[in-house]
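**Q** Sequence unavailable; structure follows:
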């Protein structure tokens, strides 16, 4: 039986954690995978594991972003789905509560998370708009990475205000894109995960006090979600099963938002 993403070209930014889990699941569902990010070793390895293609890119650079997206189109002929996962926590640059946040923490976090989403989406859209409409009736699907921290702030252990601002802006941009591009047959959605067991959340995972707190904050998992749980939602939202879904911010948070 054909997979949910059979023969669809999926461009995934990032190469560890959620990006890795989604690329592997999408490949298992029949997708042709193109991986791009700034870590040469993990990008190449993930492309190898998925039987896909790859290119290194720093998404704070317009030239590198455009070159990576163009390379995907050159190799596969089109882009059916984008999942823009790549992003950072700005703590090491000085992100934190607003009165303590440094200029560098603010600028680096916004430029990487929001600026990267802007550049990648812009580049992909320019190609998608030239594509023929597929049998599904669509030109393509874009899925952005938000965060539950943009929907339900947690002040005790996750007071990173530049990060929350970047993810809130991504939600606003996603909704505006969804409204504008729906008549052009392009869907745009976002996922808002809770705390996920990834390299970026290692600090929280290793802190006993945070771990105890997360047992109640995410009661469905009593701790961090696994990347595969976000990947399953991402594959659904990229697939034709969600062909009428656009402008949605989809929380996958094990109960964070309601706890």
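**A** Thanks, I have it. Bear in mind that the values here come from a model prediction, so they are computed numbers and not experimental data.

**Q** Mind checking what helix or strand follows the longest helix along the chain in sequence?
**A** For the chain, the helix that runs over the most residues, judged by DSSP state H, is helix 161-181. Next helix or strand after helix 161-181 toward the C-terminus (DSSP states H and E): strand 186-193.

**Q** in its sheet, what does that following strand sit against?
**A** strand 140-145 (parallel), strand 249-252 (parallel) (DSSP bridges).

**Q** now for the longest helix of the chain, which elements pack on it?
**A** Here helix 161-181 touches helix 103-109, helix 116-128, strand 140-145, strand 186-193, strand 249-252, going by 3 or more C-beta pairs under 8 Å, 6 or more residues apart in numbering; DSSP states H and E. Where you see a C-beta, it was placed from the backbone N, CA and C, and this is true even at glycine.

**Q** Turn these into CSV, columns for distance to residue 208 and mean pLDDT.
**A** Formatted as CSV, the helices and strands packed on helix 161-181 follow (distance: least, C-beta to C-beta, whole Å; pLDDT from 0 to 100):
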stretch, distance to residue 208, mean pLDDT
helix 103-109, 26, 98
helix 116-128, 33, 98
strand 140-145, 28, 98
strand 186-193, 22, 98
strand 249-252, 25, 98
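
**Q** Quick check: which of those is nearest to residue 47?
**A** helix 116-128 (17.2 Å; C-beta to C-beta).

**Q** Going by neighbour count, which residues of the closest one are buried?
**A** Residues of helix 116-128 classed as buried: 116-121, 123-125, 127-128 (neighbour count, 16 or more other C-beta atoms under 10 Å).

**Q** now the angle from it to helix 161-181?
**A** 20 degrees (axes from the mean of the first three to the mean of the last three C-alpha atoms, to 10 degrees).

**Q** starting at the chain centroid, how far to helix 116-128?
**A** A distance of 13 Å separates the centroid of the chain from that of helix 116-128, by C-alpha atoms, centre = their mean, to the nearest Å.

**Q** quick one: the strands in the protein?
**A** 9-13, 32-37, 53-56, 81-84, 140-145, 186-193, 249-252 (DSSP state E).
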